[in-house]
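Peer 1: Have a look at this prediction, sequence included:
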Amino acid sequence: MSQRTMHGGVWIFALRIANRLLQFFLTVVLARLLAPDDFGLFGIALLSLVSLDSLTQTGFDLAVIQKDGDIGPYLDSAWTIQILRGVLIAAVLLSTAPLGSTS
């Protein structure tokens, strides 16, 4: 069990490093392409999206992963909750977008 745990830990670490590097390169490219005001506006939008995403985590995806046995009956519920969560995040961002605009 400890060998599998170590192997999984190495993969998670590698994926996180790859994700951080990709985010860094994306930020560098966007900084070169966008004007400073547009880059700041993009930062505000990204901060809003990440904040709402982390504040509205339901845990259904982790519960389905950890469930032993047949998870078939739970998949539709978990999928529906995730769709409703996405719609809620989109509605909040659309309704508050005028507050964050600079023009």
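Peer 2: Okay, I see it.
Peer 1: How is this protein partitioned into domains?
Peer 2: For the chain, automatic domain parsing gives the domain ranges 1-33, 36-103.
Peer 1: Columns mean pLDDT and mean neighbour count on top of the ones you listed, output as a markdown table?
Peer 2: Every residue, glycine included, has its C-beta placed from N, CA and C. Formatted as a markdown table, the domains of the chain follow (pLDDT from 0 to 100; neighbours: other C-beta atoms under 10 Å):
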| stretch | mean pLDDT | mean neighbour count |
| --- | --- | --- |
| domain 1-33 | 91 | 10 |
| domain 36-103 | 86 | 11 |
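Peer 1: could you pull out the helices for the chain?
Peer 2: Applying DSSP state H to the chain gives helices spanning 2-33, 36-55, 60-66, 72-100.
Peer 1: Other residues contacting the shortest one?
Peer 2: This points to helix 60-66. Here helix 60-66 makes contact (C-beta atoms under 8 Å, 6 or more residues apart in numbering) with 71, 74-75, 77-78, 81-82.
Peer 1: go with 10 Å
Peer 2: Applying C-beta atoms under 10 Å, 6 or more residues apart in numbering, the contact partners of helix 60-66 are 59, 71, 74-75, 77-82, 85.
Peer 1: who's in contact with Lys67?
Peer 2: Lys67 neighbours (C-beta under 10 Å, 6+ apart): 74, 78.
Peer 1: give me phi/psi at it?
Peer 2: In terms of degrees, to the nearest 10, the main-chain angles of Lys67 are phi -70, psi 130.
Peer 1: how far away is it from Tyr74?
Peer 2: Shown here: Lys67 relative to Tyr74, a distance of 7 Å by C-beta to C-beta, to the nearest Å.
Peer 1: ok, now Ala14?
Peer 2: 30 Å.
Peer 1: Then Ser101?
Peer 2: Ser101 sits at a distance of 41 Å from Tyr74 (criterion: C-beta to C-beta).
Peer 1: now do His7
Peer 2: The spacing between His7 and Tyr74, counted by C-beta to C-beta, is 28 Å.
Peer 1: and what of Phe13?
Peer 2: Taking C-beta to C-beta, one finds Phe13 at 30 Å from Tyr74.
Peer 1: Sweet, I'm off.
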